[in-house]
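[1] Based on what follows, work out the 3D shape:
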Amino acid sequence: MAWFFFPRLISAFIAILVLVILSRVLGPADFARYNITILFGTVGYSFVFAWLAIAIVRFHSSEKYSGRVIAYALHTSAKIAIFLIPVVAIGCFFAPSNYLAALVLGSVFAVAHTTQELGLAAFRVYRKGPAFAFITLMRPLVAVSLSVAFVLLGFGFVGAVIGAIAGALLAGGIALYKIYPKSGAEPASALQIKEFLAFGVPLGIVTSGSMLIMLLSQSLIASFANLGAVGIFAAAQTLAVRSIAMPMLMASRASGAAIFSEYEESGMDAANVVLARHFSIVLLMSAPIATTLIFANEMAVLLMFGEVYQEVGAQHLQILSIAALIIGVQGSYFSYAFTLSRKTYGQLYILAAAIAFHGACTAVALHVMGSIGASYAMLLTAIVSTAAYYFFGKRVSTDVALPIRPIWKIIVASSAMAPFAAYADGQESIFVGVGLLFLGGFAYLVTLILLRQTGILVVLAWLRNKIAKRRRQADGTNP
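    From the prediction side, this is the model:
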């Protein structure tokens, strides 16, 4: 799992670095345009292509398909990409002028993103960890280099988006070049496509739920306020989602193949053991980040984005970090009630209701409270949506329970860290503030060890095994 999880985690933090750099070089208004375009492309991928990558992970181990799912996915994705060309061309005649760049560049970004995601899904099921890690880390490094270069050359947010597209295409092209000789490409039957669609489309759309809601929030702020307000909100929202929710969802993807494989081979009880261990590790890594962003929010915004974003951005960040943690729990744990039972349409219905609810809440909150209302609407939507996941998930699968024990242990450990983070937020010296955060992190880890939290025990066991292995190797080479 390490090959498939840690590169994604590192990539997420590189993406935060991209966020920091672009928010500063573009300014709030142009950063808002860049962010809306990337969100549009990511959502487009989730609606049109994501079901193919999901099908690879879910059905590759199934005897029914004899390992041919990757070939079917590559052939089908190529046909869809060709079909999209006239669709986007026609859409350009109807799109508002303000959103024309988002439509064109976002569509190209969706296709570029697809090449990488299909390649990574294939690497995951073929268990090619080093190749997965290389492609995962290469993309953001290439993208940020090109994006910054194009912005500095005067191409503005368009140049930043083109850099992101180039990074995705290069990474995806290399991945598919490595995969194709082994998998090939062949057309799937209508029945096979139907099964992939039935399972993957709802899950792909649901996976993009946070992005859909982000896009809706930012569009509504643009209507009620201005692009500058959108940029400040987008910076805080993207930081919260990318540092908290996305790593949790990435960990879920990395564990997904193992959980599904265990379910197929050994049944639900064995899958639940893997799921419980996965969730404990997810909480272990996400809670200290959330605690930092909630209680040291002003310091975080100043460090990341500068004084232009600090006052309002810090208010947004505190609220949005809580929302991101709740959404991460929803996606990394409660969603398995639907995927393991193959009742993924249930998630689609919840998402549709959540989007409608969020749109109404955001419009009212913006009118009453100004731009900060969008953050409160995001938090309320996260709470209601996760409650719906739990309530309806119990109906489709009684085996996925409310994880009270791991959650209360994380709450106790985060409470031990919170005073250090709050005190760090008021320090004039950044070095003192960071030092206090490290002390808080130490208190967090010690508390979890005392509580014997599963995730920290798994990590400690892994470290002990690594140390023991190195000692045995040293003893063998230097007796």
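
[2] switch to C-alpha atoms for all contacts and neighbour counts from now on
    Fine.

[3] What is the least confident helix or strand in the chain?
    Across the helices and strands of the chain, mean pLDDT, DSSP states H and E gives its lowest value to helix 246-266, namely a mean of 72.

[4] Which helix or strand lies directly C-terminal to that helix?
    The helix or strand immediately downstream of helix 246-266 is helix 268-295, counting by DSSP states H and E.

[5] Can you tell me which helices and strands the helix or strand just after that following helix packs against?
    Tracing the chain C-terminally past helix 268-295 and defining elements by DSSP H and E, one meets helix 297-305 next. Packing partners of helix 297-305 (3 or more Cα pairs under 8 Å, 6 or more residues apart in numbering; DSSP states H and E): helix 2-48, helix 307-329, helix 404-425.

[6] try 6 Å
    helix 307-329 (3 or more Cα pairs under 6 Å, 6 or more residues apart in numbering; DSSP states H and E).

[7] So which elements touch the helix it packs on?
    helix 227-240, helix 297-305, helix 372-396.

[8] Could you give me the buried positions within it?
    309-310, 312-329 (16 or more other Cα atoms under 10 Å).

[9] residue nearest the centroid of this protein?
    Geometric centre of the chain, nearest residue: Met246, 2.6 Å, by Cα atoms, centre = their mean.

[10] which residues touch that one?
    Applying Cα atoms under 6 Å, 6 or more residues apart in numbering to Met246 gives no contacts.

[11] Near the nearest residue to Lys343 once chain neighbours are set aside, how many other residues are there?
    Nearest residue to Lys343, sequence neighbours excluded (Cα to Cα, 6 or more residues apart in numbering): Val396, at 7.1 Å. Around Val396 there are 18 other residues, counting by other Cα atoms under 10 Å.

[12] Look up how far Gly313 lies from Val396.
    40 Å (Cα to Cα, to the nearest Å).

[13] go on, Val142?
    Applying Cα to Cα to Val142 and Gly313 gives a distance of 28 Å.

[14] Looking at Phe438 now. What's its pLDDT?
    For Phe438, the pLDDT comes out at 93.

[15] Assign a three-state SS to it, would you?
    Following DSSP: H, G, I helix; E, B strand; the rest coil, Phe438 is assigned to helix.

[16] where in the stretch 51-200 of the chain is pLDDT low?
    Within the stretch 51-200 of the chain, the stretches with pLDDT under 70 are 61.

[17] just the helices in it please.
    Residue ranges of the helices in the stretch 51-200 of the chain, as given by DSSP state H, counting those that start in this stretch, are 69-91, 100-125, 129-150, 156-183, 190-207.

[18] just the angle between the fourth one and helix 100-125, please?
    Going back to what we said before, that points to helix 156-183. 30 degrees (axes from the mean of the first three to the mean of the last three Cα atoms, to 10 degrees).

[19] got the buried residues for helix 156-183?
    Buried, per 16+ other Cα under 10 Å, within helix 156-183: 156-173, 175-176, 179, 183.

[20] what do you get for the third one?
    With burial defined by 16+ other Cα under 10 Å, the residues of helix 129-150 counted as buried are 129, 131-133, 135-144, 146-148, 150.

[21] low-confidence ranges in the stretch 201-350 of the chain?
    For the stretch 201-350 of the chain (pLDDT under 70), the answer is 253-254, 256-257, 261-262, 264-270, 344.

[22] ok, back up a step: could you export the helices of the stretch 51-200 of the chain as JSON lines, including distance to Val282?
    JSON lines is the format used below for the helices of the stretch 51-200 of the chain (distance: least, Cα to Cα, whole Å):
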{"stretch": "helix 69-91", "distance to Val282": "28"}
{"stretch": "helix 100-125", "distance to Val282": "19"}
{"stretch": "helix 129-150", "distance to Val282": "19"}
{"stretch": "helix 156-183", "distance to Val282": "26"}
{"stretch": "helix 190-207", "distance to Val282": "17"}
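
[23] To Gly228, which of those lies closest?
    Closest to Gly228 of the helices of the stretch 51-200 of the chain, according to Cα to Cα: helix 156-183, at 14.0 Å.

[24] any idea how far the closest one is from the chain center?
    18 Å (Cα atoms, centre = their mean, to the nearest Å).

[25] and the angle from it to helix 69-91?
    150 degrees.

[26] what helices or strands is helix 156-183 leaning on?
    With 3+ Cα pairs under 6 Å, 6+ apart as the test, helix 156-183 has helix 100-125, helix 129-150 packed against it.

[27] Got phi/psi on Pro96?
    Dihedral pair for Pro96: phi -60, psi 150, per degrees, to the nearest 10.

[28] Check the spacing between it and Arg342 real quick.
    39 Å.

[29] More neighbours: which of these two?
    Arg342 (16 against 11).

[30] what's the closest non-adjacent residue to the more buried one?
    Phe199 (6.6 Å).

[31] since we're on that neighbour, how many residues are nearby?
    Look at Phe199: counted by other Cα under 10 Å, it has 21 neighbours.

[32] can you check the one 5 residues further on too?
    Number of residues near Gly204 (other Cα under 10 Å) recorded here: 25.
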